[in-house]
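Novice: Sequence first, predicted coordinates after that:
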2 protein chains.
Amino acid sequence: MSDLQQTISQLRQALGDAQVLTGEAISPRHYSDWTRHAPACPAALLLPTSTEQVSLALRICHAAGQSVVPQGGMTGLAGGAVPRTTDIALSLDRLRGIEEIDTAAATVSVRAGTTLEDIQHAVADAGFLFPLDLGARGSCQIGGNIATNAGGNAVIRYGMTRDLVLGLEVVLADGRVLDLMNKMIKNNCGYDLKQCFIGSEGTLGVITRAVLKMAPPPAPATTLLCALPDYPSAVALLRRIQSSVGTPQAYELMWQDFFRLGVSWLEKPVAPMPDHHPLYVLLESSAPGNALEQTLEAAIEAGEVVDAILATSQAQARGLWKIREATAEFPQRMAPLNFDISLPIGRIGEFAKRCRERIDARWPGNRSVYFGHIGDSNLHLTVDCNSLPQPAPVLEIEELVYSAVGELGGAVSAEHGIGLLKREFLHHSVSAQALRVMAELKRSFDPNGILNPGKILG
Amino acid sequence: MSDLQQTISQLRQALGDAQVLTGEAISPRHYSDWTRHAPACPAALLLPTSTEQVSLALRICHAAGQSVVPQGGMTGLAGGAVPRTTDIALSLDRLRGIEEIDTAAATVSVRAGTTLEDIQHAVADAGFLFPLDLGARGSCQIGGNIATNAGGNAVIRYGMTRDLVLGLEVVLADGRVLDLMNKMIKNNCGYDLKQCFIGSEGTLGVITRAVLKMAPPPAPATTLLCALPDYPSAVALLRRIQSSVGTPQAYELMWQDFFRLGVSWLEKPVAPMPDHHPLYVLLESSAPGNALEQTLEAAIEAGEVVDAILATSQAQARGLWKIREATAEFPQRMAPLNFDISLPIGRIGEFAKRCRERIDARWPGNRSVYFGHIGDSNLHLTVDCNSLPQPAPVLEIEELVYSAVGELGGAVSAEHGIGLLKREFLHHSVSAQALRVMAELKRSFDPNGILNPGKILG
């Protein structure tokens, strides 16, 4: 019996046969994430039903030096949960459920395998809002959201996943259970160890439970589409709104190319306002209507806004959002190469210009569109590989984009993480010294290197 | 020449005589912090003028195994910056100044020795708010604020210091400079190493520079004093306000004993409303006056509020705040033993009751007062040692209070940190396993154990 087979046999004994699958019993869902990158059937799939089982499993794998790939909803966009055939996958699927909602503390305690949507619903039923929200809400699991420090739609107002986590339970590489569950906003009792695990993509420990912040329910929002003359106006308008009526719930900037594409894909492809403006912003604010209108008037007077539509009905608001939601159709209508990057807010306009010029110079006639949550410094950029010579020079485009990010002091990953897919580009944003210290931290938490090897760090 | 003398001589050579003081040249300011705990003149005081000098100094001390105590404004309340006679103190006093304000990114970049007040003023001049605020603002340094993850007056609205830090520059124990300066809200490029240093009280690295978030300037606020029938009403009122008009800027709960004490110390000791209610809350909100009044009316109808005064002038608002600010007079008017603790918000009422009963049973006739920022789960409790048998049984009271904190799942430090003074009580809030992992993290970052030894961990 090989070492691997022996480890699997030990795992069966410890966890029970029903919790250890191999071969065809493993659903292809566990082969790769939403990127479909390098799918592989792991040597075994563990489906522990308790923290204790996670602990047992890791203790065995740690002793055997057996690599383990933690898996959540498999909706990642960086290959962070993709196994190799020699890895054992550890799925949190069966560690599911909400343990407690504490309305006085405004916290919800959950098990790691609970889907984001289940948490959103339970929290809404209790009269609060769980503000983390992203497209994969129905499939992604909170453990994965935390392990990747997920971003999403509401960061400008509520922060990243990190900002919503008060406590964690984590199983360390050697099987020790670390109880960091905590309901307090303020807790300065030594090192805030939970921070190490948030965003570590399953390389430092396996998250099994969490305490999350609930927010008050949001007031009804007004939707507004504005045309802007240039990028600095997008920043000035954002700061004007924040100072006068508070931070908006959404502030989605669309460059002209994106706006035109979005409009052209509408059922009735008619732009709600002239489409010759350089930039459009779709914003949502829960400020009182008259206060928002006053702010808008001042922005028009200052030349920051050159055209505007304030949705007067839900249907009109939905129609405006339809343009921004063109992204959902990218996979069907093009061969998208998507970038998730961030830059200092003041430099995003300059970056988009520089990046576009370089791509256009290299591949004339390409189709690229720019859009982003600029209030949280996040830019997305999608290149349609169908508009490029075939086979599409993916690596060359990536190198072009990420090196431009590095030049302007940006980050090669804003909200998707590093996983496998961005590992080779990390050096554009992270110093060699910081990479060395990350490797030291990894060795401290996982001396045998069993947890998600090869993810983030080489 | 002793090893210590040899190290000091090496430091003189590397940094220059003007940057290395010994003996009487060291101001007593560097002997202890605001607690006046165990004052001692360090073997030498280093006053580096650059990150490079900090790096040189730590390289030398690391090689010599020489302990180093980082020092900021010396305003700490847990003994975290107090040296022993065998330690070398490293002051950030000369690493001072604001490097950049980026109004587009809404960030301010500073050197660690800059006072909080200097940052507040510079940011206000740029049309923003730096929301960290605490009594020591004129003396405390931002490096110390970050190293202790300071809380203060605005946490309910803006979060702890951790929530305001976007980037750091840190010198590691062995002198390596770690550049984690970052202006982006979203940055998921591997481990977020800066989190390790925030709140680590100088035991994992020396913070030399930081990038901080600036907030939009706040709208003018309304001040309101409400009398409440019981603790659950204090929570219900807070959640009602958050749902209807947004999170208040301040939500300061005062138990009857505190309220009466505060009133009795006023220039004209007349209560602004009857003083027989169990609880009073002083709150500030920037919501429009009519919306706030509507919310207040609903709260009165629901029985959450039994009496209320809405300040109609700045002078009246100042008068109401005067009662809460009785804390500033504690050192002059009593022998205060202050507690800074946190509990799940729903359990603070229960804790105050339990704790008071135990203290009263043990020391009848003692004077204790309860107050807190309950919106961020923070309770303060002050016992007047003059009201106790002499010498006051400080350790016994501490053990009583902190063990009650542990019983209810609270934290023995909410915002002041652990330092030396709370180290022996840490086990009431932190599991043995977590303490072990903290020690492992410490060893990973500081294998020779030179950085602030004995602080947080034994």
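Specialist: Received the coordinates, thanks.
Novice: Which phi and psi values does the closest residue to A:Thr247 other than its chain neighbours adopt?
Specialist: Spatially, and ignoring its direct neighbours in sequence, A:Thr247 is nearest to A:Arg157 (5.5 Å; C-beta to C-beta, 6 or more residues apart in numbering or on different chains). The way it works is simple: take the backbone N, C-alpha and C, and place the C-beta from them, glycine included. Dihedral pair for A:Arg157: phi -100, psi -40, per degrees, to the nearest 10.
Novice: quick one: contacts for A:Arg157?
Specialist: Listed by C-beta atoms under 8 Å, 6 or more residues apart in numbering or on different chains, the contact partners of A:Arg157 are A:131, A:247-249.
Novice: ok, so of these, who is nearest chain B?
Specialist: A:Thr247 (7.4 Å; C-beta to the nearest C-beta).
Novice: if you skip the residues just before and after it, what's nearest to the residue nearest the centre of chain A?
Specialist: Nearest to the mean C-alpha position of chain A, by C-alpha atoms, centre = their mean, lies A:Ala150 at 3.5 Å. Excluding its sequence neighbours, the residue lying closest to A:Ala150 (C-beta to C-beta, 6+ apart) is A:Thr161, at 4.8 Å.
Novice: circling back to that earlier point, show me which pair in the contacts of A:Arg157 is furthest apart.
Specialist: A:Pro131 and A:Pro248 (13.7 Å; C-beta to C-beta).
Novice: Pull the number of nearby residues for A:Ala361.
Specialist: Per other C-beta atoms under 10 Å in any protein chain shown, the neighbour tally for A:Ala361 reads 8.
Novice: cool, and A:Arg324?
Specialist: Using other C-beta under 10 Å as the criterion, A:Arg324 is surrounded by 20 other residues.
Novice: my guess is A:Gly365 contacts A:Asn386, does it?
Specialist: No. Counting by C-beta atoms under 8 Å, A:Asn386 is not a contact partner of A:Gly365; they are 11.4 Å apart.
Novice: the more surrounded of these two?
Specialist: More crowded of A:Gly365 and A:Asn386, by other C-beta under 10 Å: A:Asn386, with 13 against 7.
Novice: mind listing what that one touches?
Specialist: So A:Asn386 contacts A:334-335, A:367 (C-beta under 8 Å, 6+ apart).
Novice: could you dump those to CSV with pLDDT?
Specialist: Converted to CSV, these look like this (pLDDT from 0 to 100):
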residue, pLDDT
A:Met334, 95
A:Ala335, 96
A:Arg367, 96
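Novice: Quick one: name the residues of the stretch 351-458 of chain A near chain B.
Specialist: Within the stretch 351-458 of chain A, the positions near chain B by C-beta under 8 Å from any C-beta of the partner chain are A:373, A:375-378, A:409-418, A:426, A:429-431, A:433-435, A:437-438, A:440-441, A:443-444, A:456-457.
Novice: Could I get the pLDDT score of A:Ser403?
Specialist: For A:Ser403, the pLDDT comes out at 97.
Novice: And the one 10 residues further on, by the same measure?
Specialist: In this model, A:Ser413 is scored at 98, pLDDT.
Novice: wait, the residue nearest to A:Ala150 sits on A:Gln195?
Specialist: No. At 11.9 Å, A:Thr161 and A:Gln195 do not qualify as touching, with contact defined as C-beta under 8 Å.
Novice: just the strands in the stretch 151-300 of chain A please.
Specialist: A:165-171, A:177-180, A:206-213, A:222-228, A:250-255, A:279-285 (DSSP state E, counting those that start in this stretch).
Novice: neighbours of A:Ile241, just the number please.
Specialist: Other residues close to A:Ile241 by other C-beta under 10 Å number 23.
Novice: gap between it and A:Pro344?
Specialist: 20 Å (C-beta to C-beta, to the nearest Å).
Novice: picking up where we left off before, quick one, which of A:Thr161 and A:Gln195 is more surrounded?
Specialist: Higher neighbour count among A:Thr161 and A:Gln195: A:Thr161, with 27 against 22, using other C-beta under 10 Å.
Novice: Spit out the contact partners of A:Val412.
Specialist: Neighbouring residues of A:Val412 by C-beta under 8 Å, 6+ apart: A:341, A:402, A:405-406, A:418, A:422, A:425-426, A:428-429, B:189.
Novice: and those residues as CSV, adding neighbour count, secondary structure and distance to B:Leu172?
Specialist: Output for those, formatted as CSV (neighbours: other C-beta atoms under 10 Å in any protein chain shown; DSSP: H, G, I helix; E, B strand; the rest coil; distance: C-beta to C-beta, whole Å):
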residue, neighbour count, secondary structure, distance to B:Leu172
A:Ile341, 32, strand, 28
A:Tyr402, 23, helix, 27
A:Val405, 24, helix, 26
A:Gly406, 16, helix, 23
A:Ile418, 28, coil, 22
A:Lys422, 27, coil, 26
A:Phe425, 21, helix, 25
A:Leu426, 21, helix, 20
A:His428, 20, helix, 23
A:Ser429, 24, coil, 20
B:Cys189, 27, coil, 19
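Novice: Nearest to A:Ile146 among those residues?
Specialist: A:Ile418 (15.6 Å).
Novice: per-residue pLDDT, the residue in the stretch 101-250 of chain A positioned nearest to chain B?
Specialist: As assessed by C-beta to the nearest C-beta, chain B sits closest to A:Ala104 within the stretch 101-250 of chain A, at 2.8 Å. A:Ala104 carries a pLDDT value of 97.
Novice: Without its sequence neighbours, what residue ends up closest to it?
Specialist: Per C-beta to C-beta, 6+ apart, closest to A:Ala104 is B:Gly346, 2.8 Å.
Novice: residues contacting that neighbour?
Specialist: By C-beta under 8 Å, 6+ apart, the neighbours of B:Gly346 are A:102-105, B:235.
Novice: among those residues, which are in helices?
Specialist: If you go by DSSP state H, those have B:Val235 in helices.
Novice: List the contacts of the closest residue to A:Glu329 other than its chain neighbours.
Specialist: Nearest residue to A:Glu329 in three dimensions, chain neighbours excluded: A:Trp265, at 6.0 Å (C-beta to C-beta, 6+ apart). Neighbouring residues of A:Trp265 by C-beta under 8 Å, 6+ apart: A:326, A:329, A:333.
Novice: ok, how many other residues are close to the last one?
Specialist: The number of residues packed around A:Arg333, counting by other C-beta under 10 Å, is 13.
Novice: right, and out of the contacts of A:Arg157, which lies closest to B:Val123?
Specialist: Closest approach between the contacts of A:Arg157 and B:Val123, by C-beta to C-beta: A:Thr247, at 17.0 Å.
Novice: Could I get the phi/psi values of that closest one?
Specialist: When read as degrees, to the nearest 10, the backbone of A:Thr247 gives phi -60, psi 130.
Novice: burial count for it?
Specialist: Other residues close to A:Thr247 by other C-beta under 10 Å number 18.
Novice: That one: what's it in contact with?
Specialist: So A:Thr247 contacts A:156-157, A:241, A:375, B:216 (C-beta under 8 Å, 6+ apart).
Novice: Quick check: residues of the stretch 1-150 of chain A near chain B?
Specialist: So the stretch 1-150 of chain A meets chain B at A:102-107, A:127, A:148-149 (C-beta under 8 Å from any C-beta).
Novice: hmm, 10 Å instead?
Specialist: Residues of the stretch 1-150 of chain A lying close to chain B by C-beta under 10 Å from any C-beta of the partner chain are A:78, A:102-107, A:127-129, A:148-150.
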